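A.B. asks: Structure here, sequence nowhere to be found:
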Ligand code: LLP
């Protein structure tokens, strides 16, 4: 049975810690990780949790305990992963657009690195030659993902070394004796269609013969999870079967380990964002339900037109009232237009589902609002894992050079 927190549990947590509140359910993460392990049990596969989705140190530690590795997208994520207790050989840094000094630092920390440009690959070769194996991120020219903003493998994407530049990669490899041990792609997020991953594998298979020291093929993340009723997730068993088939049939690839970097798949559904209804405003255009939050706390609806299921947990019952759920930010911050909810009154608790991935992590202090608290539920016990901001946090790092 799928792991879930009940409305009663969520209401009690809101009562105890206040709102707006992010709640994460550790057992749901365990369940999702278990699905991956089970599906890929017959393939030599390693999963690197793409921690950009949610970096709370306790989430990182839970991942580590499960046996996941970690994928980072900045040197500070690398440092958080080290702080969480991951050994450097379980940390992957997939960089893009970064200064070479950051790559040098990652190398000094001993983590695994994927390089995303010819420019940094050349600097890497000049500095380290053959001494430190490295991966390259390639852009396979595949359109994939839920929408263009989260599609990263197509011909106009900034990510990766375009696949047509493999000859230049080879030149650099030969000139500086660079040891390339990993070929990486990540084509987007919310990818339901297994064939997208297959296309990526085929693109990489074509170029394998150019790389004589390969050990890994890294297919990135992007697995889809259900956001709406009736949605489904990427069929992991179908993907695993196909991957096993393709890799075992390929003479060179059959010796390679396969890597994935799931973010959403592991943490989206573990997260609940609980808000309180501040104001109800009836207008001819809509019945606005304004909650004590905004895109400063959950930006996905405004940024990607993302759909988050919302439930009024204070009034369980038929969802028969059409509302527009908005925030309290001094800018349009609509969470949902014309959404059916059970009848809402001021003071009710509205829960946003799928709030674990890219929720808190993309939050800000816009309008000088506090960032929410975060709670982790593990073994039925709630732990406060981040305090709500307080006023002093808004002044932290500001230097008061002018008199009041
Ligand atoms: N690997 C790399 C190199 C990535 O850039 C990403 C996500 C992942 C793995 C993990 O992808 P996932 O499994 O989470 O789909 N903020 C957006 C998603 C942006 C994803 C960025 N890169 C959202 O909220 O939909």
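C.D. replies: Okay, I see it. If you're wondering where the values come from, they're calculated on a predicted model, not measured in any experiment.
A.B. asks: residues contacting the residue of the stretch 251-400 of the chain found nearest the ligand?
C.D. replies: Going by C-beta to the nearest ligand atom, the ligand is nearest to residue 263 of the stretch 251-400 of the chain, at 2.5 Å. Quick note: C-beta positions are derived from backbone N, CA and C, even for glycine. Taking C-beta atoms under 8 Å, 6 or more residues apart in numbering, we find residue 263 in contact with 49-54, 71, 189, 221, 357-358.
A.B. asks: For the stretch 51-200 of the chain, which residues are neighbours of the ligand?
C.D. replies: Listed as neighbours of the ligand in the stretch 51-200 of the chain under the rule C-beta under 6 Å from any ligand atom: 52-53, 71, 94, 150, 186, 189.
A.B. asks: Give the bridge partners for the residue in the stretch 1-150 of the chain positioned nearest to the ligand, please.
C.D. replies: The ligand sits closest to residue 50 of the stretch 1-150 of the chain, with a gap of 3.4 Å, by C-beta to the nearest ligand atom. Counting by DSSP bridges, residue 50 is bridged to residue 71.
A.B. asks: Verify the stated contact: it with residue 261.
C.D. replies: Yes - assessed by C-beta atoms under 8 Å, residue 50 is found in contact with residue 261 at 4.5 Å.
A.B. asks: what is in contact with those two at once?
C.D. replies: In contact with both residue 50 and residue 261: 71, 221, using C-beta under 8 Å, 6+ apart.
A.B. asks: returning to what we had before: per-residue confidence at the residue of the stretch 251-400 of the chain closest to the ligand?
C.D. replies: Residue 263 carries a pLDDT score of 98 in this model.
A.B. asks: And for residue 118, the neighbour number?
C.D. replies: 16 (other C-beta atoms under 10 Å).
A.B. asks: close enough to count as contact, it and residue 164?
C.D. replies: No - Residue 118 is beyond contact range of residue 164, at 11.8 Å (criterion: C-beta under 8 Å).
A.B. asks: which stretches of the stretch 251-400 of the chain form strands?
C.D. replies: 257-260, 271-282, 287-291, 310-312, 321-326, 334-341, 349-352, 373-378, 381-386 (DSSP state E, counting those that start in this stretch).
A.B. asks: Need the nearest residue in space to the residue nearest the centre of the chain, chain neighbours excluded.
C.D. replies: With distances taken as C-alpha atoms, centre = their mean, residue 53 lies nearest the centre of the chain, 2.9 Å away. If the residues on either side of it in the chain are set aside, residue 53 comes closest to residue 263, at 3.5 Å by C-beta to C-beta, 6 or more residues apart in numbering.
A.B. asks: re the thing from before, which among the residues of the stretch 51-200 of the chain next to the ligand end up buried?
C.D. replies: Neighbour counting over those (16 or more other C-beta atoms under 10 Å) leaves 52-53, 71, 94, 150, 186, 189 as the buried ones.
A.B. asks: How far off centre is stretch 309-324?
C.D. replies: Here stretch 309-324 is found 28 Å from its chain centre; the criterion is C-alpha atoms, centre = their mean, to the nearest Å.
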